[in-house]
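>>> Whatever this is, show me its structure:
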Amino acid sequence: MFYSGISDEAGKDIHTQIRAHKKLGWKHLELRTVGGENITALPDAEFDAVCDAVGAAGMQVSCFGSAIANWARPISTGVEVDLDDLRRAIPRMHRLKTPFIRIMSYPNDTATPWPEPAWRAEAIRRVKEFSRMAEDAGVTLVHENCSGWGGLSAENSNVLLGEVNSPALKVVFDTGNPVTYRQDTWTYYMSVRQDIVYVHIKDAKRIGTEDVYTYCGEGDGYVREVIHDLWISGYDGGLSIEPHLAAIIHTGQQADSGEQLYESYTEYGRRLMRIVEETRPKARPIAAG
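Numbering: from 1, shown residues only. Predicted coordinates for the structure are as follows:
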């Protein structure tokens with residue numbers, strides 16, 4: 001296993017994001033936004049600067065956290081915006097030697113909901129199209145158990161992957177999302193584990209009617225149990241932190257200060273490393289970063 005993290009939760013600019021990972025001793029980072037702009041939409045000159053900074057730091061980019069089919073793009077959104085994102089992302093992934101790009105599978109339209117069969121059929125059709133593009137380009141889409149038809153349940157996730165039937169579509173499992181979607185993390189994990197190639201580490205618990213994000217291992221996301229099972233099953237992919245403590249991108253929650261964002265992120269990383277070490281079989285090494 002190796003460590004990574006959705007680095008915009010450490011800071012907005014790429015240098016702060018890199019500094020946080022260097023402080024943790026990690027060699028990988030997951031790029032989502034830089035300066036508030038998604039990595040797939042960043043102007044070319046700014047993307048060049050990101051590449052220069054990552055290269056100069058000797059870092060590797062484990063995944064792109066794209067907005068394709070995500071919580072802000074319901075099924076009623078035209079597909080072209082996502083096709084454009086993927087077209088832009090592919091050469092950028094090649095340049096950074098990034099194997100994975102995170103996608104979701106379209107939430108329903110809240111204003112005018114689509115009937116479930118139509119929502120399902122169109123979500124699957126679109127993900128098939130994205131998967132063909134990814135397969136041709138030699139990159140892998142990782143579908144997150146989050147907002148979208150395929151994230152409604154483990155069963156839906158498995159149906160989506162089965163219907164698409166592409167080696168370019170796999171699963172990024174987020175340990176915290178089931179908690180906030182009123183699902184059981186362990187049950188969900190065990191149902192999709194055969195297709196997991198990447199893992200987001202997040203944790204949360206329900207207090208009254210409120211979802212409260214916690215440090216890893218302190219919520220109901222079965223973080224310790226999932227990591228232990230990953231160890232014994234021979235998983236050798238990334239563990240990418242997404243703390244949601246000082247800032248939450250999809251709700252617009254902002255940190256009180258850049259220092260608060262940075263410190264909560266690095267502390268989260270340190271706590272994850274302790275859990276990984278505590279659950280590690282003695283014969284299994286942890287990759288540096």
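>>> so residue 140 sits right up against residue 101, yeah?
Yes - Residue 140 lies in contact with residue 101 (CB atoms under 8 Å); the separation is 7.5 Å. The C-beta positions use only the backbone N, C-alpha and C, and glycine is treated the same way.
>>> Looking at the two, which is more packed in?
residue 101 (27 against 22; other CB atoms under 10 Å).
>>> Without its sequence neighbours, what residue ends up closest to that one?
residue 64 (4.4 Å; CB to CB, 6 or more residues apart in numbering).
>>> Quick check: neighbours of the helix or strand where that neighbour lies in the sheet, parallel or antiparallel?
Residue 64 is part of strand 60-65, with elements assigned from DSSP states H and E. Next to strand 60-65 in the sheet, as set by DSSP bridges, lie strand 28-31 (parallel), strand 100-105 (parallel).
>>> tell me the mean pLDDT for the last one?
Right, strand 100-105. For strand 100-105, mean pLDDT is 98.
>>> hey, C-alpha coordinates of the very next helix or strand once past that strand in CSV?
Beyond strand 100-105 on the C-terminal side, the first helix or strand identified by DSSP H and E is helix 116-137. Written as CSV, here are the backbone C-alpha positions of helix 116-137 (Å, rounded to 0.1, in the frame of the first residue of the first chain):
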residue,chain,number,x,y,z
GLU,A,116,-35.6,5.3,-12.1
PRO,A,117,-35.4,3.1,-15.2
ALA,A,118,-34.6,6.1,-17.4
TRP,A,119,-32.0,7.4,-14.9
ARG,A,120,-30.4,4.0,-14.6
ALA,A,121,-30.3,3.4,-18.4
GLU,A,122,-28.8,6.8,-19.2
ALA,A,123,-26.2,6.7,-16.4
ILE,A,124,-25.0,3.3,-17.6
ARG,A,125,-25.0,4.4,-21.3
ARG,A,126,-22.9,7.5,-20.5
VAL,A,127,-20.4,5.6,-18.3
LYS,A,128,-20.1,3.0,-21.1
GLU,A,129,-19.1,5.8,-23.5
PHE,A,130,-16.6,7.2,-21.0
SER,A,131,-15.1,3.8,-20.4
ARG,A,132,-14.6,3.2,-24.2
MET,A,133,-12.7,6.5,-24.3
ALA,A,134,-10.6,5.5,-21.3
GLU,A,135,-9.9,2.0,-22.6
ASP,A,136,-8.7,3.5,-25.9
ALA,A,137,-6.4,5.9,-24.0
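>>> For helix 116-137, name the packing helices and strands.
helix 80-96, strand 100-105, strand 140-148, helix 154-164, strand 169-174 (3 or more CB pairs under 8 Å, 6 or more residues apart in numbering; DSSP states H and E).
>>> buried stuff in that helix?
119-120, 122-124, 126-128, 130-131, 133-134, 137 (16 or more other CB atoms under 10 Å).
>>> Stretch 137-157 too?
For stretch 137-157, by 16+ other CB under 10 Å, it's 137, 139-154, 156-157.
>>> rewinding a little: for residue 140 and residue 101, list the residues in contact with both.
Any residue near both residue 140 and residue 101 by CB atoms under 8 Å, 6 or more residues apart in numbering counts here, and that gives residue 134.
>>> where does the stretch 151-289 of the chain dip in pLDDT?
Across the stretch 151-289 of the chain, the ranges flagged by pLDDT under 70 are 246-257, 283-286, 288-289.
>>> Name whatever forms a beta bridge with the residue nearest to residue 180 when sequence neighbours are not counted.
Spatial nearest neighbour of residue 180, chain neighbours left out: residue 211 (4.6 Å); criterion: CB to CB, 6+ apart. Assessed by DSSP bridges, residue 211 has beta-bridge partners residue 206.
>>> Quick check: residue 211 touching residue 179?
Yes - between residue 211 and residue 179 there is a contact at 7.1 Å, judged by CB under 8 Å.
>>> Which one's more surrounded, those two?
The residue with more neighbours, out of residue 211 and residue 179, is residue 179; 24 against 18, by other CB under 10 Å.
>>> how about the nearest residue to that one, chain neighbours excluded?
Residue 179 sits nearest to residue 204 (CB to CB, 6+ apart), 4.3 Å away.
>>> How about residue 122?
Nearest non-adjacent residue to residue 122 (CB to CB, 6+ apart): residue 75, at 5.8 Å.
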